[in-house]
Each structure stands twice: as structure tokens, then as C-alpha cells.
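Enquirer: Predicted coordinates and the sequence they were generated for:
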Amino acid sequence: MEKIIGINAVNEAIESNVNIEYIEIFTGVRPEQVAKLKTKASKKNIIVKAGKKKIENSQGVVAYISDYDYYITFKEFLESAVKEEKSTVLILDGVQDPRNFGALIRSAEIFGVKGIIIPERNSVKINETVVKTSTGAIEHVNIIKVKNIAETIDQLKKYDFWIYGAEGSAKKYYHEENYPAKTALVLGSEGFGIRKKVREHCDILIKIPMKGKINSLNVSVAGGILLSEISKNR
């Protein structure tokens, strides 16, 4: 059975109607820390059990669910996204680290991203680390798995999306761009960046100014900076 860990993540799961089998709270957790959580669980008839073993990084709170079901199809996503006058999409081309994925979901939710597109293969999937790191944001952001990122980009272009790729060798700085109402941002993997074929499908490549001796940022940090800029005037 899959798990969601952490007080905030479990709180969000309760509010978002995730299929929770039961919640386990470590006996060492102070009652005031989980009082609201227990009230919410009670209102939804979710069983709360006392646990004697504390799972690492869980804050003593674990929700056990039948399965992760956060994904929607690309068709379902398009039907809702194209109706919006302004829409931002995040495309992750091979991000591998679940903590980076979770952090990007958190930034995406904060900056109003409508959906995050990931490839079916060679990419991190949603797991308990991703859910925990997102601190509940995953309950509010659509996650879409697709077979081919390049073809998906072409589909988005048909609906007037402009595709921006984050690339260290780009000539244009991210803050020099006036982002259109429908924008998709592509971020590459931690080790190799955006794949050549995907990069060739981007309309514009952008970069973040680097003044230090290290020539790259963590992908989740870069994503937060770029999404913050794109979200201006939206």
C-alpha cells in the first residue's frame, strides 16, 4: 500500500478526497500538532490509528492509500487548459530526482501552473518522496504522462502555446522576454539538460544569468526562478 507522509501532505490529501485507507499517528506526536488533522479525518470517516514506530521524515503522520492516482490524460488536460485565457504549462524532460520533482510541483502550484507534463519513460514517477516534498501541492496540480515530449510540444503549439526551453547556452536571458498568455516552459534532466530533439522543438531558449564559478543551478531552483518571472502580470 502506498503512503503519504508528513502533516501538511496528509492534511492536503484529506481535503482533496484522496482514497485514504487509514492514517497512522506516532504515539510520540504532541496532540496539538495533529488536532486539526484528526478533526478533518473524523469528518470524512477516515480511521486514525496510533503507531509505535515513527517513519523517517514523516513527522509521525502517515496516510495509507490504495494507489497514487494523480495522473490525467493529455486529452483531458487540453480540454481544460485551452479554455483559459492565460495558461502556463511546465514540461519536465527527464527529471530523475523525486525531491526535485516534488519541489517543482510545489513551485508550479504557487505560480499558477495548470499542469506538469512528464514522459512515461526515463523520468521520475510520483512516489511518497515526491508527495512529501511537494507538501500537499500535488493535490492541486495536474500531472500528465505522455509517450513523446516533442510530439506533445507540437500539439501545444496548435493551441497557441509558445514553448520556452531553459538552456545554459541560450542567447536570451529569461528576464528579457515578454511571455505570452499561453506559455510552456521546458526543463531538462539534472545531468544532461533538455534532449536535442526536444530542444529543437522549442520556440525560444532562455537562460538565467550566472555570476559564480559554478555554471548551473539545481533544476528545481531554476524552475522556481523562471516560473516566478512567467507568472508576472498573470
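Expert: Looks like it came in fine.

Enquirer: Only C-alpha atoms from now on, for both contacts and neighbour counts.
Expert: Will do.

Enquirer: Does residue 230 touch residue 179 like I think?
Expert: Yes: Residue 230 lies in contact with residue 179 (Cα atoms under 8 Å); the separation is 6.2 Å.

Enquirer: Of the two, give the one with the bigger neighbour count.
Expert: Comparing residue 230 with residue 179 by other Cα atoms under 10 Å, the one with more neighbours is residue 230, at 24 against 19.

Enquirer: Identify the residues contacting that one.
Expert: Contacts for residue 230 were tallied using Cα atoms under 8 Å, 6 or more residues apart in numbering; they are residue 179.

Enquirer: which SS state does the residue nearest the centre of the chain fall under?
Expert: The residue lying closest to the centre of the chain (Cα atoms, centre = their mean) is residue 105, at 2.0 Å. Here residue 105 is recorded as helix under DSSP: H, G, I helix; E, B strand; the rest coil.

Enquirer: Quick check: it vs residue 125, distance?
Expert: 12 Å (Cα to Cα, to the nearest Å).

Enquirer: try residue 159
Expert: Distance from residue 159 to residue 125, by Cα to Cα: 27 Å.

Enquirer: Residue 230 too?
Expert: 26 Å.

Enquirer: where along the protein do the helices fall?
Expert: 7-15, 31-43, 74-81, 98-110, 128-134, 149-158, 196-200, 219-230 (DSSP state H).

Enquirer: Need these in a markdown table (columns: mean pLDDT and distance to residue 169).
Expert: Formatted as a markdown table, the helices of the chain follow (pLDDT from 0 to 100; distance: least, Cα to Cα, whole Å):
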| stretch | mean pLDDT | distance to residue 169 |
| --- | --- | --- |
| helix 7-15 | 91 | 37 |
| helix 31-43 | 92 | 47 |
| helix 74-81 | 88 | 30 |
| helix 98-110 | 96 | 22 |
| helix 128-134 | 86 | 29 |
| helix 149-158 | 96 | 20 |
| helix 196-200 | 96 | 12 |
| helix 219-230 | 97 | 14 |
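
Enquirer: Tabulate the ones you listed in CSV, adding columns for distance to residue 172.
Expert: Formatted as CSV, the helices of the chain follow (distance: least, Cα to Cα, whole Å):
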stretch, distance to residue 172
helix 7-15, 38
helix 31-43, 47
helix 74-81, 27
helix 98-110, 23
helix 128-134, 30
helix 149-158, 21
helix 196-200, 15
helix 219-230, 13
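
Enquirer: So which of residue 159 and residue 125 has more stuff around it?
Expert: A direct count of neighbours by other Cα under 10 Å for residue 159 and residue 125 places residue 125 higher, at 17 against 13.
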